[in-house]
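K.L.:
build the 3D model from these lines:
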Amino acid sequence: MNHSYRHIGLNLLLLLLCYSTTWAQVPNFKALNAEIQKVQKQLVPDKRVAILDISFQDTLQPIFILKGKTDLPEAKTKIVDLLKDRGIQFVDSFEVLPEVALDGKIWGLATLSVCSMRSYPDHAAEMVSQTLMGTPLRVLEFENGWFRVQTPDHYIGWMEGNGLTRLSHIILDVWKKSNRYVYNSISGVATDVPDRKGMVVTDLVIGDLFEVESEVKDYLKIRIPDGRTGFVKKDECLSWKEWTTRTPDVLAMISFAQHMLGLPYLWGGTSSKSLDCSGMTKTCYYTQAIILERDASQQARHGKLPDFKNIETLQPGDLLFFGRNAQRVTHVGLYMGNGKYIHASGLVRINSIDPKAPDYNLSQTKELVTSSRILNSLNTEGITLVKDHPWYVVVNQK
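P.N.:
Numbering: from 1, shown residues only. Okay, here's the model as predicted:
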């Protein structure tokens with residue numbers, strides 16, 4: 001799984017600015033463009049999880065300047081080899097991320113309870129996802145106070161620098177071996193003293209990770225990735241071992257989902273503050289130390305496929321996908337049993353897939369089109385146990 005992000009997608013922006021000298025060097029420019037697009041289709045099924053920006057610029061000389069960036073070295077290799085095979089002269093100014101200016105600190109940990117990720121480095125940009133405190137991140141580049149990062153589910157977005165602590169791989173390995181705990185309540189706080197009346201150091205949501213320095217009565221003294229310390233009730237947390245080695249519990253996961261009933265829908269939300277449909281299913285499975293992919297259309301690609309047309313074959317914990325058809329999934333919910341499912345639509349709510357039920361809630365634009373069974377497909381593509389993800393643990397050490 002540690003190399004899968006290199007093969008599941010690219011973010012392609014293909015800008016070809018060509019003038020007279022370009023046409024002289026490439027008699028059939030359309031054919032070259034078609035070949036580049038073919039490479040894209042082979043390597044880039046999903047632009048949300050990798051980067052490939054390319055531009056050819058004319059320098060008024062019979063030679064190209066190849067500019068752009070990618071986080072996939074093999075993508076650059078294919079483009080360069082293609083140009084060489086066609087006998088096209090070019091100056092290589094194509095950058096492979098992470099960028100050199102990061103000076104080796106190409107890993108990071110989220111430092112806020114919930115960090116927003118945006119489509120480009122600006123507060124006005126669309127929020128595409130969120131990442132939780134203590135989540136390990138691959139840092140790709142920096143621009144005007146923002147970092148472009150990749151999460152353990154391979155999703156890429158921009159986050160503000162004040163929500164990130166950057167690390168070298170050596171320091172990240174130290175963190176992987178530390179005494180970590182996960183926050184296991186819907187929401188809470190860490191205070192400056194082991195008492196509910198203390199000053200708040202940070203808020204917390206389920207899934208936040210932090211190191212524990214000591215125990216004080218029924219409190220844990222925690223250290224957040226940016227160095228802040230505070231105290232959290234011990235019974236609101238699970239040790240790394242408790243969290244990652246227990247058998248996934250479907251009933252506990254559904255119970256957690258029910259505790260989120262009424263939470264508001266938020267496009268891009270993936271936390272127990274507010275969330276979108278796939279953020280809800282992703283968060284539910286993360287409570288059981290299972291990482292799903294980010295979006296509903298991505299989640300629908302993985303796991304076993306029970307017969308969604310027969311309620312009797314569905315099991316609690318299955319994911320139900322809705323849309324126009326199985327190739328156009330736009331919504332997802334968590335099956336609870338007896339035809340009921342819980343999902344984020346306006347708010348977190350429960351509905352039924354049984355047309356005879358009073359809470360039946362399907363429409364022509366949101367039909368049930370497929371389903372997925374996750375728990376018998378652990379550690380297959382798109383479904384990863386936290387304890388086996390190389391960003392969380394030292395390889396060959398669990």
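K.L.:
tell me the bridge partners for Ser371.
P.N.:
Leu320 (DSSP bridges).
K.L.:
residues near it, how many?
P.N.:
26 (other Cβ atoms under 10 Å). Every residue, glycine included, has its C-beta placed from N, CA and C.
K.L.:
Val212: how many residues sit nearby?
P.N.:
Using other Cβ under 10 Å: Val212 sits among 18 other residues.
K.L.:
give the phi and psi angles for it, as a check.
P.N.:
phi -110, psi 130 (degrees, to the nearest 10).
K.L.:
ok, it - contacts?
P.N.:
Asn179, Arg180, Tyr181, Leu220, Lys221, Ile222, Arg223, Cys237 (Cβ atoms under 8 Å, 6 or more residues apart in numbering).
K.L.:
need the buried ones from those residues selected in PyMOL.
P.N.:
Those of the contacts of Val212 that count as buried under 16 or more other Cβ atoms under 10 Å are selected in PyMOL with:
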select buried, resi 180+181+220+221+222+237
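K.L.:
return the subset of the contacts of Val212 lying in strands.
P.N.:
Arg180, Tyr181, Leu220, Lys221, Ile222, Arg223, Cys237 (DSSP state E).
K.L.:
what does the average pLDDT come to for stretch 216-225?
P.N.:
Mean pLDDT, computed over stretch 216-225, is 97.
K.L.:
what comes into contact with that stretch?
P.N.:
109-111, 133-134, 165, 175, 181, 190, 194, 201-202, 210-215, 229-235, 237.
K.L.:
just say helix, strand or coil for Leu261.
P.N.:
coil (DSSP: H, G, I helix; E, B strand; the rest coil).
K.L.:
find the nearest non-adjacent residue to it, please.
P.N.:
Distances taken as Cβ to Cβ, 6 or more residues apart in numbering put Val348 closest to Leu261, at 5.2 Å, once the chain neighbours are dropped.
K.L.:
can I get the contacts of Val212 in TSV with distance to Arg294?
P.N.:
Below are those laid out as TSV (distance: Cβ to Cβ, whole Å):
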residue	distance to Arg294
Asn179	29
Arg180	23
Tyr181	25
Leu220	30
Lys221	33
Ile222	27
Arg223	28
Cys237	26
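K.L.:
helices of the stretch 201-350 of the chain, start to end?
P.N.:
Taking DSSP state H, counting those that start in this stretch to define them, one finds helices in the stretch 201-350 of the chain at 240-245, 250-259, 277-286, 296-299.
K.L.:
of the ones you listed, which is nearest Thr380?
P.N.:
helix 296-299 (12.8 Å; Cβ to Cβ).
K.L.:
helices or strands up against the closest one?
P.N.:
With contacts taken as 3 or more Cβ pairs under 8 Å, 6 or more residues apart in numbering; DSSP states H and E, helix 296-299 sits against helix 277-286, strand 319-323, strand 329-337.
K.L.:
among those, which is the most enclosed?
P.N.:
Of all these, helix 277-286 has the most neighbours on average by mean count of other Cβ atoms under 10 Å, namely a mean of 25.
K.L.:
mean confidence for it?
P.N.:
Mean predicted lDDT for helix 277-286 stands at 98.
K.L.:
what's it packed up against?
P.N.:
helix 250-259, strand 290-292, helix 296-299, strand 329-337, strand 340-345.
K.L.:
can you redo these as TSV with mean pLDDT and distance to Lys282?
P.N.:
Below are these laid out as TSV (pLDDT from 0 to 100; distance: least, Cβ to Cβ, whole Å):
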stretch	mean pLDDT	distance to Lys282
helix 250-259	97	12
strand 290-292	98	5
helix 296-299	97	8
strand 329-337	97	9
strand 340-345	96	11
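K.L.:
reformat the ones you listed as CSV; add distance to Asn379.
P.N.:
Shown next, in CSV, are the helices and strands packed on helix 277-286 (distance: least, Cβ to Cβ, whole Å):
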stretch, distance to Asn379
helix 250-259, 18
strand 290-292, 10
helix 296-299, 16
strand 329-337, 20
strand 340-345, 25
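K.L.:
looking at the ones you listed, which is closest to Asp153?
P.N.:
Of those, nearest to Asp153 by Cβ to Cβ is strand 290-292, at 5.5 Å.
K.L.:
relative to the closest one, what are the paired strands and their orientations?
P.N.:
strand 383-385 (antiparallel).
K.L.:
distance from the chain centre to the strand it pairs with, please.
P.N.:
Its chain's C-alpha centre and that of strand 383-385 lie 12 Å apart, by Cα atoms, centre = their mean, to the nearest Å.
K.L.:
before we move on, what about stretch 85-104?
P.N.:
Centre to centre, stretch against its chain (Cα atoms, centre = their mean), the figure for stretch 85-104 is 26 Å.
K.L.:
thinking again about what came up before, now which of the contacts of stretch 216-225 would you call buried?
P.N.:
If we count by 16+ other Cβ under 10 Å, those have these buried: 109-111, 133-134, 165, 175, 181, 190, 194, 201-202, 210-212, 230-234, 237.
K.L.:
what's near enough to touch the residue nearest to Leu261?
P.N.:
By Cβ under 8 Å, 6+ apart, the neighbours of Val348 are Ala257, Met260, Leu261, Gly262, Leu263, Tyr265, Leu275, Met280, Ile342.
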